[in-house]
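*Asks:* sequence and predicted model, in that order:
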Amino acid sequence: MNIIARQTFFNLVSIGFAFLIGAINTLYMYPNYMGSRYQGVIISLLAFSNLFQPFISFGLQHAIIKFFSSFKSKRDKDSLLIFSLLFPLIILCFFSLALWKVWPSIVSEISLKEPLIKTYAFVIIAIAISTSYFEIFFSWLRVNFATVFGNFLKEFYPRLLIFSLLSTYASGLIDLSTFIYAIVIGYYLRLFIIICYSFWIYTPRISFKFPPMIKEILWYSFLIFLSGAAASIILDIDKSMIASIITSNDVAFYSVALFIATVIESPGRAMFQIVSPLVAKAINTNDEIYLKNLLKKSSSNLLLISGCIFLLINLNLDDFYMFVNQPLYSVGIGIVGIISLGKLYSMSIGCLNNIISNSIYYPYVFWFSILSAIAAVVLNLMLIPDYGIAGAAYATLIVILIINTLKIALIKFRLDIHPFSKQTFIIIGVILAVYFIISQINLSFSPFINLLLRSTIITLVYAVLSYSLGLTNDINNQVKKILKR
């Protein structure tokens, strides 16, 4: 297995376990032991922290990936890493001064519907700082092609932390306040671990000299910072606006549905950790053939794997919600279907986002993000009051469809490449065929047995069709190796 397949596999395993624990937290632990109100409060606090995080990291985690491979000497690479650690401290000083006067009004605005958010508003900034530095050190690992442990800390650790705290809360050993303080402590423990691991993988020589191309690095970071701020709005504005317009209970219902749909992205999250620095290296060395092959392979592989997950989720939704036995949360069944379509489309474009952000066309990332943020805010304001959480789902889907289509058009006209091939349409045909066939099968057992049987049938039918049609050589070759063993 090459470096992409090997690290993608291990990353996918850790993400798979992360989603499993996340599902237990979201669908069982929170509803049964903490309730939808407290669940909504905690999710809202974490969502707001994600909105502030880009203002601290300033896009430097992306600058590391783009510029690290373009530097030839260790001295230049070291200066880039050290600069990426020191510059956010300067930002924090100015950010604190700017935030000092407006923070009370911001807190009052976001806590209109839920007073508890005001009580624990400090969590927003505390976790935003921790997450900012974590992302910088994770990029440090990614450019050295050591993504597995970093991905474990990024995906698995926070969910395991929440699970441990929820279990302790359920036993009555801690209250809500202690729970929230422990989350903050846990995030900083994660930061300490990745700092130690990063210096072990690659130890730079401490230098206070500016790295080469400092103007280009700052300009790139600035645009990515603006793009990241807009992207954070896109990711969390729906939950934040639901909390402000409706109630924190609805945040919990929506978040469960969003969590289920987001599982479709897990193969991409696993692959992009290692693909992103490889894309940057291909662009820095002008390896156009490798870049084109990387785009098409990532597109077909992700569409094939994500398509199977899409089917497993959407064909099992009714039985799944019956199995978790949370009637109030079942309002999210339609939400899952809406958002999962957008997630599947995002996976079908492969590593296209990585190509744009690491090429000379990276300023378009800023404009796409700004357009996405504006569209997300406007659509949520228009649709949430009339359609509730379904309105937020439709807003998310519309934004995904429009922005991804514009990105495909950009790469086609500027670089004369695109992610799709004949196999793309065959895979889509297989997904539609399996969906139509399995949806006609009615099972009348218990929800758990129905889930087990239907999932087995879906997996077998989908795997046989995919393998026999030879939809992706990479996956077929790995299957052949496993069968030989």
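*Replies:* Ah, there it is.

*Asks:* the one helix or strand residue 370 maps to: what's the following helix or strand?
*Replies:* Using DSSP states H and E, residue 370 falls within helix 363-387. As assigned by DSSP H and E, the chain's next helix or strand after helix 363-387 is helix 389-415.

*Asks:* outside of the next helix or strand after that next one, which residues touch it?
*Replies:* Next along the chain after helix 389-415, taking DSSP H and E as the criterion, comes helix 422-439. Helix 422-439 is touched from outside by 299-300, 303-304, 307, 310-311, 314-315, 348, 454, 457-458, 461-462, 465-466, 469, 471-472, with contacts defined as CB atoms under 8 Å, 6 or more residues apart in numbering. The C-beta positions use only the backbone N, C-alpha and C, and glycine is treated the same way.

*Asks:* among the residues you listed, which ones are buried?
*Replies:* 299-300, 303-304, 307, 310-311, 314-315, 348, 454, 457-458, 461-462, 465-466, 471-472 (16 or more other CB atoms under 10 Å).

*Asks:* chain neighbours aside, what residue packs nearest to the residue positioned nearest the centre of the chain?
*Replies:* Closest to where the C-alpha atoms of the chain average out (CA atoms, centre = their mean) is residue 269, at 6.5 Å. Nearest residue to residue 269, sequence neighbours excluded (CB to CB, 6 or more residues apart in numbering): residue 15, at 5.7 Å.

*Asks:* now that neighbour: which helix or strand?
*Replies:* Counting by DSSP H and E, residue 15 is found in helix 3-24.

*Asks:* confidence score at residue 407?
*Replies:* We have a pLDDT of 92 for residue 407.

*Asks:* for residue 248, same thing?
*Replies:* With respect to pLDDT, residue 248 scores 59.

*Asks:* same check on the one 5 residues further on?
*Replies:* Residue 253 is assigned a pLDDT of 75 by the prediction.

*Asks:* same thing with residue 345?
*Replies:* Residue 345 is assigned 92 on the pLDDT scale.

*Asks:* buried ones in the longest helix along the chain, by neighbour count?
*Replies:* The residue-count maximum for a helix in the chain (DSSP state H) belongs to helix 74-110. If you call a residue buried by 16+ other CB under 10 Å, then helix 74-110 has these buried ones: 76-85, 87-88, 91-92, 95, 107, 110.

*Asks:* same question for the strand or helix carrying residue 137: list its buried residues.
*Replies:* Element membership for residue 137, per DSSP H and E: helix 122-143. Neighbour-count burial for helix 122-143, counted by 16+ other CB under 10 Å, picks out 123-143.

*Asks:* quick one: average pLDDT of that helix?
*Replies:* What helix 122-143 shows for mean pLDDT is 88.

*Asks:* do the same with stretch 157-175
*Replies:* Mean pLDDT, stretch 157-175: 89.

*Asks:* contacting residues around that stretch?
*Replies:* 18-19, 21-22, 24-25, 29-30, 32-34, 176, 179, 182-183, 186-187, 190.

*Asks:* off-centre distance for it?
*Replies:* 23 Å (CA atoms, centre = their mean, to the nearest Å).

*Asks:* what of stretch 420-438?
*Replies:* The answer for stretch 420-438 is 25 Å, by CA atoms, centre = their mean.

*Asks:* lowest-pLDDT helix or strand in this protein?
*Replies:* Across the helices and strands of the chain, mean confidence by mean pLDDT, DSSP states H and E is lowest for helix 473-484: a mean of 60.

*Asks:* so after the longest helix of the chain, what's the next helix or strand?
*Replies:* helix 115-119.

*Asks:* show me the shaky parts of the stretch 201-350 of the chain.
*Replies:* The stretch 201-350 of the chain contains residues with pLDDT under 70 at 228-249, 252, 324-331.

*Asks:* and stretch 46-61, C-alpha only, in PDB?
*Replies:* C-alpha atoms of stretch 46-61 as PDB (Å, rounded to 0.1, in the frame of the first residue of the first chain):
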ATOM      1  CA  LEU A  46     -18.500  24.600  20.600                       C
ATOM      2  CA  ALA A  47     -20.100  26.000  17.400                       C
ATOM      3  CA  PHE A  48     -19.400  29.600  18.500                       C
ATOM      4  CA  SER A  49     -15.800  28.700  19.300                       C
ATOM      5  CA  ASN A  50     -15.400  27.400  15.800                       C
ATOM      6  CA  LEU A  51     -16.500  30.800  14.500                       C
ATOM      7  CA  PHE A  52     -13.800  32.600  16.500                       C
ATOM      8  CA  GLN A  53     -11.000  30.100  15.800                       C
ATOM      9  CA  PRO A  54     -10.000  31.400  12.300                       C
ATOM     10  CA  PHE A  55      -9.400  34.900  13.800                       C
ATOM     11  CA  ILE A  56      -6.600  33.400  15.900                       C
ATOM     12  CA  SER A  57      -4.900  30.900  13.600                       C
ATOM     13  CA  PHE A  58      -5.000  33.500  10.800                       C
ATOM     14  CA  GLY A  59      -4.800  30.700   8.100                       C
ATOM     15  CA  LEU A  60      -1.300  29.800   9.100                       C
ATOM     16  CA  GLN A  61      -2.100  26.100   9.300                       C
END
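
*Asks:* quick one: average confidence on that stretch?
*Replies:* The average pLDDT within stretch 46-61 is 81.

*Asks:* what do you get for stretch 382-389?
*Replies:* Stretch 382-389 shows a mean pLDDT of 81.

*Asks:* and for stretch 30-43?
*Replies:* The pLDDT scores in stretch 30-43 average 78.

*Asks:* so how far is it from its chain's centroid?
*Replies:* Using CA atoms, centre = their mean, the offset of stretch 30-43 from its chain centre is 22 Å.

*Asks:* ditto for stretch 199-217
*Replies:* Between the centre of stretch 199-217 and the centre of its chain there are 27 Å (CA atoms, centre = their mean).

*Asks:* residues in contact with that stretch: which ones?
*Replies:* In contact with stretch 199-217 (CB under 8 Å, 6+ apart) are residues 63, 67, 70-71, 74-83, 86, 140-141, 144, 146.
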